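Q: The sequence isn't on hand, but the structure is:
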């Protein structure tokens with residue numbers, strides 16, 4: 001493998017991708033977006049100091065850091081980038097695509113001066129602490145392990161423009177619906193079990209599979225019933241064995257599942273409560289407006305749709321680790337929001353522009369080979385892809401090379417360089 005040639009092709013792809021994302025920005029901002037995507041990929045970090053070093057500019061290091069910081073404060077950048085990525089990614093959304101939505105946290109345990117720093121619950125420890133909330137939407141296939149990052153935003157309950165978490169969720173839903181034409185099925189965990197969320201999705205005629213809390217009330221045969229009582233009395237006609245990969249290795253589960261026709265109190269919509277046992281003492285309870293029939297295939301489609309939500313946890317962990325996201329150190333809220341959108345752009349480049357392109361399959365194989373995995377490439381190959389990109393770009397000439405630009409002469413190869 002000629003690492004110089006592979007690095008050149010890789011930089012050309014970054015140039016091409018960033019140009020498609022930023023046609024409406026001024027030229028200096030387009031250049032900045034390209035350099036940030038390049039810098040995050042080569043350093044696997046969001047630290048502006050590290051990104052600045054990776055660019056290898058012929059100006060002082062301090063001036064590079066200042067320039068990146070100034071450009072990162074561009075108003076409206078986050079909205080433009082997220083909308084463009086959602087538009088580009090929507091071409092991969094089909095009728096059966098799962099749109100997995102998940103609010104998560106960006107913990108900043110030691111931060112004190114970051115603007116609008118709020119209190120969040122750390123997903124790793126379960127403890128309250130300083131940080132921000134993030135909202136992620138990924139597209140995927142039921143049972144698959146590949147994902148398309150469609151949406152990523154940061155918000156704080158202490159920011160003046162903040163309305164509510166429901167408003168943030170529907171901003172994401174409407175952005176993707178506008179691009180995809182209302183295709184796909186929204187999949188969410190118990191955090192989305194809210195009356196306003198169900199009302200909003202049903203009014204938008206959006207399909208959904210959402211896990212319910214045990215204290216939710218539903219109407220069954222015209223009478224209100226607590227969902228946990230309904231689940232415990234639900235006939236479970238079918239069985240399926242699955243294997244889940246966790247931190248402690250693989251674990252096998254024998255699942256039993258069935259369903260009941262239900263309605264939400266105060267709404268006429270015909271819904272289904274899909275009940276799954278086998279994960280613990282309390283059954284898994286899924287509310288959906290998808291058509292459900294008394295057949296293994298019909299029910300398993302619903303169950304598998306929710307189980308694919310585990311992909312979100314793995315994908316979010318990949319984003320945080322591969323770009324060292326929790327080490328972000330910019331202080332202003334505008335810069336934070338823009339940085340999160342740039343991380344989304346870098347993730348999309350890695351997972352989709354390279355990872356899912358048949359045209360670039362040879363380049364992708366060379367990048368994966370460069371990751372030097374001792375035990376081979378796992379089915380969730382994004383870590384290896386990120387490591388391979390970082391390895392290659394870190395060993396060729398620093399900075400972005402633009403196709404058509406005059407090459408920088410290497411005086412070590414000429415006689416004139418000796419005099």
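A: Happy to help now that I have it. These numbers were taken from a predicted model, which means no experiment stands behind them.

Q: Look up how far residue 201 lies from the closest residue to residue 97 other than its chain neighbours.
A: Using C-beta to C-beta, 6 or more residues apart in numbering and skipping the chain neighbours, the partner closest in space to residue 97 is residue 184 (4.3 Å). For the C-beta atoms, the positions are set from N, CA and C on the backbone; glycine is no exception. When C-beta to C-beta, to the nearest Å is applied, the distance between residue 184 and residue 201 equals 12 Å.

Q: Which one of the two is surrounded by more residues?
A: The residue with more neighbours, out of residue 184 and residue 201 and counting by other C-beta atoms under 10 Å, is residue 184; that gives 25 against 20.

Q: contacting residues around the residue nearest to residue 97?
A: Residue 184 makes contact with 93, 94, 95, 96, 97, 98, 99, 139, 176, 207, according to C-beta atoms under 8 Å, 6 or more residues apart in numbering.

Q: Need the phi and psi values for it.
A: According to degrees, to the nearest 10, the main-chain angles of residue 184 amount to phi 90, psi 170.

Q: Show the pLDDT at it.
A: Looking at residue 184, its pLDDT stands at 95.

Q: repeat for residue 347
A: With respect to pLDDT, residue 347 has a value of 94.

Q: right, and the helix or strand after the helix or strand hosting it?
A: Residue 347 belongs to helix 333-348 when elements are defined using DSSP states H and E. Proceeding C-terminally, helix 333-348 gives way to helix 361-370 as the next helix or strand, assigned by DSSP H and E.

Q: Next, the angle helix 333-348 makes with the helix or strand just after that next one.
A: Counting by DSSP H and E, the next helix or strand C-terminal to helix 361-370 is helix 382-393. When axes from the mean of the first three to the mean of the last three C-alpha atoms, to 10 degrees is applied, the directions of helix 382-393 and helix 333-348 differ by 100 degrees.

Q: Longest helix in the protein, please.
A: With DSSP state H setting the assignment, residue counts place helix 3-21 as the longest helix in the chain.

Q: Now do the contacts for residue 325.
A: With contact taken as C-beta under 8 Å, 6+ apart, residue 325 is in contact with 46, 106, 319, 343.

Q: Dump the residues you listed to CSV, plus distance to residue 349, pLDDT and secondary structure.
A: Supplementary listing: the contacts of residue 325 in CSV, determined by distance: C-beta to C-beta, whole Å; pLDDT from 0 to 100; DSSP: H, G, I helix; E, B strand; the rest coil:
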residue, distance to residue 349, pLDDT, secondary structure
46, 15, 94, coil
106, 21, 92, strand
319, 13, 87, helix
343, 11, 96, helix
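
Q: Just give me the residue right at the centre of the chain.
A: Centroid check for the chain by C-alpha atoms, centre = their mean gives residue 149 as the closest residue, at 4.4 Å.

Q: sec struct for that residue, please.
A: When classified by DSSP: H, G, I helix; E, B strand; the rest coil, residue 149 comes out as strand.

Q: what bridges to it?
A: Each beta-bridge partner of residue 149 is listed here, defined by DSSP bridges: residue 138.

Q: burial count for residue 193?
A: 19.

Q: Count the residues that sit near residue 186.
A: As a measure of burial, residue 186 has 24 neighbours, counting by other C-beta under 10 Å.

Q: Spatially nearest residue to it (excluding sequence neighbours)?
A: Distance criterion C-beta to C-beta, 6+ apart; nearest residue to residue 186, sequence neighbours excluded, is residue 208 at 4.4 Å.

Q: wait, what's in contact with the one you found?
A: With C-beta under 8 Å, 6+ apart, residue 208 has these contacts: 185, 186, 187, 188, 198, 201, 287, 288, 289.

Q: Surely the fifth one touches residue 266?
A: No. In terms of C-beta atoms under 8 Å, residue 198 does not count as a neighbour of residue 266; the distance is 10.4 Å.

Q: Pick out whichever of these two has more residues nearby.
A: residue 198 (20 against 8).

Q: Residue 261 sits in which helix or strand?
A: strand 249-262.

Q: And the next helix or strand past that strand?
A: strand 271-277.

Q: Adjacent strands (with direction) for that following strand?
A: strand 249-262 (antiparallel), strand 284-288 (antiparallel).
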